[in-house]
Each structure stands twice: as C-alpha cells, then as structure tokens.
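Engineer: Need a 3D model of the following:
(chains A, B, C and D)
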Protein chains: 2
Amino acid sequence: MEESAAGGRTVTLKDLANELGIHPSTVSRILHSGSEVARGAASVATAERVRELARKRGYSPDPQAAGLRTRRTNLMGVIVPRLSDLVLAIMYEGIDEAAAELGYSTFVMNSRDDPAEQRRKTDSMLARRVDGLIIGDAHLDSGPLRQLAARKVPFVLVNRRVPGFPSATCDDVLGGELVADHLWNKGHRNVAVIAGEPYASTAVDRTAGFVERWLALGGAIPRDAVVWSRFDTAGGREAAETILAHCNPRPTALFAVNDFAAIGAMGAVRSHGLSVGRDVAIVGFNDTSLAAELPIPLSSVRSPMLDIGRTAVRLLKVVLDGREVESVRLEPTLCVRESSA
Amino acid sequence: MEESAAGGRTVTLKDLANELGIHPSTVSRILHSGSEVARGAASVATAERVRELARKRGYSPDPQAAGLRTRRTNLMGVIVPRLSDLVLAIMYEGIDEAAAELGYSTFVMNSRDDPAEQRRKTDSMLARRVDGLIIGDAHLDSGPLRQLAARKVPFVLVNRRVPGFPSATCDDVLGGELVADHLWNKGHRNVAVIAGEPYASTAVDRTAGFVERWLALGGAIPRDAVVWSRFDTAGGREAAETILAHCNPRPTALFAVNDFAAIGAMGAVRSHGLSVGRDVAIVGFNDTSLAAELPIPLSSVRSPMLDIGRTAVRLLKVVLDGREVESVRLEPTLCVRESSA
DNA sequence: CGCAACAACCCAATCGATTGGGTTAGCGGT
DNA sequence: ACCGCTAACCCAATCGATTGGGTTGTTGCG
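Structural biologist: Presented below is the predicted three-dimensional model:
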C-alpha cells in the first residue's frame, strides 16, 4: 500500500532527514550504500529506518540535482536516421531495454541521414549532457566521427560500422554471402542487387559480400545489375523498375539489402506481369516481422536486431568505464521462403 | 568558424562573466532577454559583448542546473506501446518535430501495452521530472489516467482517446464509416472486420463506425464476423484464418483496422487459394507507406499521423500553460487501391 | 539646486544531492 | 586517569543557473 508521490510535493532528501532528525548527508550515504552501510556512515538501525521511510514516502532522487553534482546524467543518447524505419526501431527497443537494466535511460533523436541534422542532434544531446552516444546513422565518411572523438565524447556505433570506431553490427558481409550461395545453389545465373544507400556500411557490406562471393562462385555481375537506392519501399520499387527495364538478359533473382526495398521490388516485379518466386526470386535482409507474413512470404537474411541494440549498450558501458572495446559483429542466418524457393 | 565546446571543459555562465568582468546574474539576464534587454539588466553594448562571447565560446546552459532552479526540464515524456509499431513511430516523429519547435525535447518509452509497464514507465518519466506526458498507449479503462490526473500530472493522449481526457486522434469513427460506404457501394454484402485490440479506442471506434454505418445502410453483420486481434501482421493473419474458416457465407470483403493486420489478412486469403481484390476485397487503416507499394496495393484509410503527433504537442503545451484544452480529431480520407477495386 | 527616476549592474539565496572533512561520545586498553 | 580508536553522525562547500532585492552613478525636471 505505497503512497508514492501522490498529491503533495515531491519528497527531497532533506524532508526525509528532517522527519528522522538526522542530516541529509547521512540519508544520502545510506541510500547509496548497497545494503552494507557505507563508510561507517550510519548504524544498521538508522539505515533501516531511513530506507523504510524513503520507501513509504516514495522518495526518488532528483536526477537534475544529482547530475549537477556528479556530472553524470545516466542518460545515453541514441541517434538514428529515423525511428519509422522498423529496423532501427527494433534496435532501439533492444538499446532501451539493455540500458534500463544498467540503470540508464535513453534519449533518441532522428537525423534523417542528413549531415546537418546529425550535427545538430548530436550537439543537442551533448547539451543535455548525456553520458555517451549510440550512433545509428553513421556514414562511411568518418569526418564527423573523428571530430566527435576529438571532443572526447564517449560513443559507439550501432547497425552501421565505420572502420576505426567501435560498433555493434550484423556481419553484413556474411549476410550477403549467404544470399549469394543460396541463389547460386538454386541455379540462378543472372542476378541483380538493390544495393541501398552507398554511404551506409550495411548497404555496402551486404552488396560486397554478395558480389564477391558470386564472383568467387564463378558468376558474373554486370555493372548495371547493382543499383543503389533508398532503403524504403518506394526506393526498392524504383530500383527494381530500373533493373527490369535495363538489364539484359533480365535477372531471374534480385537481392535487396533491406526487406522494405524487397517488398517494393515485389511490387515492381508483379507490375511487369512476372510472378515473384516463379519468374523472379527475391531475397531481402533483416527478416522483419513482415517478411514471413507477406502474401508471398519473403526470403530474408535474419539479423539479430534486438541483440545488436543490446550489444551496443554493453559496448558503450565499457567505453564509459574507460576500458578498451572491440567491435562486435553478430552472425546472421538465412531464412528461405516462397519468394526464392 | 565557431569553435563550439571543443576540447576544454564546458563553458559556464561564470566563465563568461569572469572573462567580461561582470556578474553571472547579469550574463544570465542578458542571455534570457529576447534581444531587447530585459528588466533594464544591461546596456546594449554589454549585451552585445556577452552574446558575442557566448557564441564564440559555444556556451550552452546546463539544463540540469537550470532545471534544478526553475523546476522545469523542457522535456515532454512520450509513452507508446512500441516504437516498432510504424504508426506510433511516425506519430512520434511528428511529436519530436513539434516539440523541438517549441524548445522542448522528448523522451520516449515503450510500455508494450502492459499495465504494469505503463505504470513503471510513467513513474520513471516523472522521476526524470518531465514537464508533461504524451500518452500513446491509453486503454479505455480510465483508471490509471484518473490516478495520473489526481496527481496533477499534466498530460494529453495521442492516437487513442479516452472520454474525459484531452487527446489528439484520428476521427476513427468516420474512418470506419468511409470504409463501410466504400464496400457497400462496391456491391459487397457479406463483410467481416478484423477489429484489433478491444482496449484501444482506435480499434473500437473504427469497428463501431464501420458496423453502425453498415447497419444503417441496410446491411447485416453476424456476430462472428467481427474478430478481435492483435494489431500486427501475425494477428491479422490469424483473425483472417478464423473468419475464412468459420464465416458462412464466406465474406467477400474484409476491413482490418490496421494496415499490418490487413497485410496478414492478405496472406491468409492467398493461402486459401483466393485472390485479393478479386475474390476478397481488403481495406486497411492508416495508409502506411507500405500500403501503396505492396505487390497488390492495399486500400487504406489515410490518417494524418504526423499531424496527430504535432497536435498532441500543441495540446500538451496548452495544458502546461494552464489553459483549457479541447480534444482534437483529425479527419481521415480513404485511399482506394487494387485490393478493393 | 534637490530629488526622483532610471540605467546598469552586483549580491546572495536557492534548487537538491553529493562528498571531503570534521566532531562527538563511548569503549578498550594500560 | 588518559590516550587512541572507531562508530555514527554533522557541516558546509559544491555543481550551474536563476531571481528577488539591492547599490551605484547619472540624468531629467521642476
């Protein structure tokens, strides 16, 4: 039957101290010591009384005040291109969960992959005095990250990697290779890639993994069979239109580095009077929840998005603790479904 | 050629004051007055020098300190069921944009529509001393909201409404009516509804709008033609399976109160060897970016998601200013596509 | 000339929590 | 009886910005 902060003003350390007739500093020390009384700050009996009262009054320390003194906010700032990108939204859920477990809260902002916005949002986060940043919108051009590092801002990357900076990502190269193997084994010899945005390591690595493995298998990929595009459905459709219109011979399989682009591609294929899975195989990436449920279920490379988010938090924690970090690449697996079977 | 907070420690008011040989309070007043010097705090010349130096040193006030004194954080807390729900993610983008325009930052958390989590996350937000809350996961059971109101927490609802509390929503009843009119006009007489979660006003209102209009048009809707379900793709598929298995006669049209559920339904329809749009018409809700790009483009009720988010911020601002608010319902429109044409 | 009015500042308290450095009382030991 | 030691606290400064109330010196005006 707690009363929490009901009605009256919020309870402060001083309130507790007054009510018990002891000094605020004592209360503070008690509430900070695990359960063992720290620095011989108080008797076990007093400690018990304090903790009891704190619970009863629903005391929760004012993070503003604590942060002011300690210079720490227990906040992690997260920057993503856009939360309406399901992939990032899910990674963010992983981030938020893992951060909560460590006693951190997270603060998220959208940069729309625009360099000016990225800088603005970063500054805004730093102005809020976040303890560290998790950056999900890194571009391969490492300039801005170098600046950040020079400012001694603790940060890690998530989803996209940039050489020289710690990151938690999927092993995108491997993901691309899995797709190449799969399509090759299915007997396809004419393929095309909807490659995503060239500034994102996800796009570049997945494409590179695919193309290199394809060549290693003895296949060929003409120049115009790799089309860069936006990551969304409309982008995928446009790219697929381009491929279907210009590639000769027409590919029998498409690899889209993103499920949404793949869905757009499915639409384009159908508009050309072709059937997905029969005339043209399509494989996506990320295995978002949609993939398996589509009218024609989409083959997709499953990346552990939640885990990637959680890992990013772990890495950032290591950085905040001043220790050395290694980037982590989590392993993807291929889910084959009707669209390529 | 700004230097911003490069290298050295962050700049404080006192630093600026010392460097100019004036008192911090004067600096504070200057930086607060619009451009006209407030309360006759300083000469125009001094004001200019101060502003100049502040810019040069990249001064940005410490929100912790300011908040401590003013008891305001310029933070709006946002609670949503899950950011990986595209609809909420987009509303959140609208919220974040509009909040930024007003000088607020936002703080978002996922409750997974679980009452315990809702309470935990709310408390966590309040512990962070947000100025107000935007609640996107309200359940029709108004108990928790009443408690919040009793605690005098400023808040507004977004996406879902609950009678008695200010909200920014789509006119979901109207949305349902649009669909009823459309399907009726297309000649359908046997229809079913994939109704969503019964605790969400969006689901209830859309369903009610549809059903009531359908009855008014002279149609009939058997009890088992309304199936409650989760909002996601898998939920939609399951609901559609149920409908196709049990409804007799088999409906020629399905209204899913959510695009993702509609996509799941498309899958189920296809698995039954039926063709979407030809054998069974399907209409979704929200007109997410996917709808138009699907292999079979999905008819959907377009709700102004970004605007709903922005409106919620405006409403909350009004509440924070201590003025009276009226709930806002934004008007949806129907986008007819191949799935029901 | 005298006094009020003002411009242009300065002072110090305050917000709430934290933390390095006391202080006090009681006890054991010699 | 005295010293040292420790347990159990208390004190006060500090973080950075804000704000109600001064304090000067100058100007305006009757």
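
Engineer: Spell out which parts of the stretch 101-250 of chain A neighbour chain B.
Structural biologist: A:105, A:107-110, A:123-124, A:126-129, A:150-152, A:232-234, A:236-237 (C-beta under 8 Å from any C-beta of the partner chain). All C-beta spots, glycine's among them, are computed from the backbone N, C-alpha and C.

Engineer: Type out the ChimeraX command that picks the buried ones from these.
Structural biologist: Only the buried entries of these go into this ChimeraX selection, using 16 or more other C-beta atoms under 10 Å in any protein chain shown:
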select /A:105,107,108,109,110,124,126,127,128,129,232,233,234,236,237
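
Engineer: What about the residues of the stretch 101-250 of chain A next to chain B, which are in helices?
Structural biologist: A:Asp123, A:Ser124, A:Leu126, A:Ala127, A:Ala150, A:Thr233, A:Ala234, A:Gly236, A:Arg237 (DSSP state H).

Engineer: Provide the backbone phi and psi angles at whichever residue of the stretch 101-250 of chain A sits closest to DNA strand C.
Structural biologist: Sorted by distance to DNA strand C under C-beta to the nearest atom of the strand, the residues of the stretch 101-250 of chain A start with A:Gly103, at 11.9 Å. With angles defined as degrees, to the nearest 10, A:Gly103 sits at phi 90, psi 10.

Engineer: related to what we said a few turns ago, if we only consider the ones in helices among the residues of the stretch 101-250 of chain A next to chain B, which is nearest to DNA strand D?
Structural biologist: The closest of these, once distances to DNA strand D are taken by C-beta to the nearest atom of the strand, is A:Ala127, at 10.0 Å.

Engineer: name the element the closest residue to that closest one other than its chain neighbours belongs to?
Structural biologist: Spatial nearest neighbour of A:Ala127, excluding adjacent residues (C-beta to C-beta, 6 or more residues apart in numbering or on different chains): B:Ser60 at 4.5 Å. Here B:Ser60, judged by DSSP states H and E, is contained in no helix and no strand.

Engineer: Next, B:Ser60: phi, psi?
Structural biologist: Torsion angles, degrees, to the nearest 10, at B:Ser60: phi -140, psi 130.

Engineer: so how far is DNA strand C from it?
Structural biologist: 18 Å (C-beta to the nearest atom of the strand, to the nearest Å).

Engineer: can you check A:Pro332 too?
Structural biologist: 42 Å.

Engineer: Tell me the spacing between A:Asp85 and DNA strand D.
Structural biologist: Distance from A:Asp85 to DNA strand D, by C-beta to the nearest atom of the strand: 35 Å.

Engineer: I figured that residue hits A:Phe231, correct?
Structural biologist: Yes: if you go by C-beta atoms under 8 Å, A:Asp85 and A:Phe231 touch, sitting 6.8 Å apart.

Engineer: Show me what the helix or strand hosting A:Trp214 is packed up against.
Structural biologist: Using DSSP H and E, A:Trp214 maps to helix A:201-216. Applying 3 or more C-beta pairs under 8 Å, 6 or more residues apart in numbering or on different chains; DSSP states H and E, we find helix A:201-216 packed against strand A:167-170, helix A:172-185, strand A:191-196, strand A:226-228.

Engineer: Looking at A:Asp85 and A:Phe231, which one has more neighbours?
Structural biologist: A:Phe231 (26 against 22; other C-beta atoms under 10 Å in any protein chain shown).

Engineer: what's the more buried one in contact with, if anything?
Structural biologist: With contact set as C-beta atoms under 8 Å, 6 or more residues apart in numbering or on different chains, A:Phe231 has these partners: A:Asp85, A:Gly196, A:Glu197, A:Ala200, A:Ala203, A:Val257, A:Asn258, A:Phe260, A:Ala261.

Engineer: change it to 7 Å
Structural biologist: Applying C-beta atoms under 7 Å, 6 or more residues apart in numbering or on different chains to A:Phe231 gives the contacts A:Asp85, A:Gly196, A:Glu197, A:Asn258, A:Phe260, A:Ala261.

Engineer: and those, which two are the farthest apart?
Structural biologist: Using C-beta to C-beta, the pair of these lying farthest apart is A:Glu197 and A:Phe260, separated by 12.7 Å.

Engineer: which of the two has more neighbours?
Structural biologist: Using other C-beta under 10 Å as the criterion, A:Glu197 and A:Phe260 rank with A:Phe260 on top: 27 against 20.

Engineer: what about that one, distance to DNA strand D?
Structural biologist: Applying C-beta to the nearest atom of the strand to A:Phe260 and DNA strand D gives a distance of 43 Å.

Engineer: Spatially, which residue comes closest to that residue, not counting chain neighbours?
Structural biologist: A:Thr233 (4.8 Å).

Engineer: what pLDDT does the one you found get?
Structural biologist: Note for A:Thr233: predicted pLDDT of 93.

Engineer: My read is that it contacts A:Met266, right?
Structural biologist: No: applying C-beta atoms under 7 Å, one finds A:Thr233 not in contact with A:Met266, separated by 9.5 Å.

Engineer: and A:Ser142, what does it touch?
Structural biologist: A:Ser142 touches A:Val162, A:Gly164, counting by C-beta under 7 Å, 6+ apart.
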